[in-house]
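Enquirer: sharing a model prediction with you, sequence too.
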Amino acid sequence: MHKDELIALHQMLVEIKGYLEKNDSSVDFSQYEELKINPSQAHKSKMEHKHAIFILGNVIAKGMKDVNQAASGRMSVRMQQLADKALKEMEHQ
């Protein structure tokens, strides 16, 4: 994906985050918020946005456990794996 596409995806996930925060106070976004990155920060690297997307995707998947527990669990695990991989790539740059 190109950086602008990643930023657009990041923005969509932030909108889902806003919806969940408004409608489900049990979802904990602290791990994402600790990254201190948002879609408007175009100066951040492509890899930083990618990592944020995977962290946010992981949290959103965990928050959807009431919809489909098995699928959300698998999605959460995969998002965490991808977030860990992106973090390792950032550390080696």
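Expert: Structure's in. What do you need? Numbers count the residues shown, from 1 in each chain.
Enquirer: which stretches of the protein have low pLDDT?
Expert: 66-69, 72 (pLDDT under 70).
Enquirer: let's see that with 50 instead.
Expert: For the chain, no stretch has pLDDT under 50.
Enquirer: export the longest helix seen in it as PDB, just CAs?
Expert: Longest helix in the chain, counting residues (DSSP state H): helix 69-91. The C-alpha trace of helix 69-91 is given here as PDB (Å, rounded to 0.1, in the frame of the first residue of the first chain):
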ATOM      1  CA  GLN A  69     -16.100 -14.300  19.400                       C
ATOM      2  CA  ALA A  70     -14.200 -16.900  17.300                       C
ATOM      3  CA  ALA A  71     -13.600 -14.600  14.300                       C
ATOM      4  CA  SER A  72     -12.700 -11.600  16.400                       C
ATOM      5  CA  GLY A  73     -10.300 -13.600  18.400                       C
ATOM      6  CA  ARG A  74      -8.500 -14.900  15.300                       C
ATOM      7  CA  MET A  75      -8.500 -11.300  13.800                       C
ATOM      8  CA  SER A  76      -7.100  -9.900  17.100                       C
ATOM      9  CA  VAL A  77      -4.300 -12.400  17.200                       C
ATOM     10  CA  ARG A  78      -3.400 -11.800  13.500                       C
ATOM     11  CA  MET A  79      -3.400  -8.000  14.000                       C
ATOM     12  CA  GLN A  80      -1.100  -8.300  17.000                       C
ATOM     13  CA  GLN A  81       1.300 -10.500  15.000                       C
ATOM     14  CA  LEU A  82       1.300  -7.800  12.200                       C
ATOM     15  CA  ALA A  83       1.800  -5.000  14.700                       C
ATOM     16  CA  ASP A  84       4.800  -6.900  16.300                       C
ATOM     17  CA  LYS A  85       6.300  -7.400  12.800                       C
ATOM     18  CA  ALA A  86       5.800  -3.700  11.900                       C
ATOM     19  CA  LEU A  87       7.400  -2.700  15.200                       C
ATOM     20  CA  LYS A  88      10.500  -4.900  14.500                       C
ATOM     21  CA  GLU A  89      10.800  -3.400  11.000                       C
ATOM     22  CA  MET A  90      10.700   0.100  12.500                       C
ATOM     23  CA  GLU A  91      13.400  -0.800  15.000                       C
END
